[in-house]
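**Student:** Provide a 3D model corresponding to the input given below.
(2 chains)
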Amino acid sequence: MSGDHPTAILCCRDGDVELCAEGTSALLRDRDNPIAQCPRQGGQARCAEQPTVLVLIGAEQELLLHGLGHHHGCVEQLGDHLLSGANLIETLKRDGLYLGLSTSSAYGVELAKLFTQSLGGRLGFGDDLRDNMELALHEALVNGLIHGNLGIPSTGRETLELFSEYCRAVERGLGDPDRGSRLIEVFAWWNEHHIDISVEDDGEGYDPSAIGSTTSNGRTSGRGLQLIGSLTEGYRITQGGRRLTMRFRR
Amino acid sequence: MEYRIVPGNDGRAVVYCVGRMTLPTQAGFTRIADDMRTNGTRDWLFDLSDVEFIDSAGMWMLLMVRSVAKELGGQLSITGATGQVAKALDLVSFEDVIRTEG
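**Tutor:** All right, here's what the predicted structure looks like:
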């Protein structure tokens, strides 16, 4: 499959993400991406040849699965930009798994299902953990995509009519070129005891202490975080509210 | 999310739901609410046997259609949840909020 779709070896030896000139498809070299010239000495390559990520144009499920299963993840090419952040470098250094997608692409696929399915295949954990992980990651993604990147608050959904208006606001946000193109990152690191999965959005951030921990008549916020708390060994919110990291025991 | 409404044996209307109950699939619930109001039946049973995944938004939408049933003077129950759906509903003690059968 990698012969049919653009793949890239990402070089991060200088702390910036660049495409290795040696291992990048022509399709991507034609775009304005930074290209790293590998400074070979004595025939020895000094650039990072592994790990690789699959570069996507759009977010087809089959390609996402291939990138997650046969590479260390995927990054989306949107126009002239590779959608990735500093978390990509750190994740590759830790031999983890990474996705960098636009908001509109991420919303259109069952990302939590694909990511946890791939993680389960790599690490060999059972269905119970995978189910918990999928729901927790799904809730975290919804938070990051809708409240983070689209900037749509969680309140104002108390009736079906208001909820429908909320959903229409989501659709408008996804269609907005600015908000719909914002980066959402999903990355996983692990050791023999734990798996940490993080979701980081590119929104304005928020004060976690402002989210209610219990629901009552008329309050709708906080239910997703309640679920996450029940499904994980714990979670923490950092980067001004833009990153949610969930820990699972293996 | 797909669905079909069939008359039950006990005077209730049964809504068989298929697929995923999540925010991206909410359009189905809006149609269900409209169908409930035009159907005329007061009491409703939502069969979740073929629902493969539910998130907090999906749970919220079930609460919303329950309010539609109340608006019609009746009540709403759910049944048939299995796998991830059953686990998720159990996690939030959903049976304390919506009548659960079977």
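**Student:** show me which residues of chain B sit near chain A.
**Tutor:** Contact residues (C-beta under 8 Å from any C-beta of the partner chain) of chain B with chain A: B:20, B:22-24, B:26-27, B:29-30, B:33, B:53, B:55-57, B:59-61, B:64-65, B:67-68, B:83-84, B:87-88, B:91-92. For every residue, glycine as well, the C-beta is placed using N, CA and C.
**Student:** can you tell me which of those residues are in strands?
**Tutor:** Judged by DSSP state E, the subset of the residues of chain B next to chain A located in strands is B:20, B:53.
**Student:** of the residues of chain B next to chain A, grab the buried ones for ChimeraX.
**Tutor:** Per 16 or more other C-beta atoms under 10 Å in any protein chain shown, the buried members of those correspond to this ChimeraX selection:
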select /B:20,22,23,24,26,29,30,33,53,55,56,57,59,60,61,64,65,68,84,87,88,92
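**Student:** return the distance of residue A:158 relative to chain B.
**Tutor:** From residue A:158 across to chain B, the span is 9 Å (C-beta to the nearest C-beta, to the nearest Å).
**Student:** low-confidence ranges, chain A, go.
**Tutor:** A:1-18, A:21-33, A:36-51, A:155-157, A:210-222 (pLDDT under 70).
**Student:** which secondary structure elements does the lengthiest helix in chain B contact?
**Tutor:** Assignment by DSSP state H gives helix B:56-71 as the longest helix of chain B. Here helix B:56-71 touches helix A:127-142, helix A:160-175, helix A:223-231, strand B:13-21, helix B:27-39, strand B:44-54, strand B:76-79, going by 3 or more C-beta pairs under 8 Å, 6 or more residues apart in numbering or on different chains; DSSP states H and E.
**Student:** tell me how far stretch A:85-96 lies from the chain's centre.
**Tutor:** 12 Å (C-alpha atoms, centre = their mean, to the nearest Å).
**Student:** residue A:244 pairs with what?
**Tutor:** Beta-bridge pairing for residue A:244 (DSSP bridges): residue A:199, residue A:237.
**Student:** list the contacts for the closest residue to residue B:71 other than its chain neighbours?
**Tutor:** Counting by C-beta to C-beta, 6 or more residues apart in numbering or on different chains, the nearest residue to residue B:71 once its immediate chain neighbours are dropped is residue B:37, at 7.9 Å. Going by C-beta atoms under 8 Å, 6 or more residues apart in numbering or on different chains, residue B:37 touches B:68, B:71-72.
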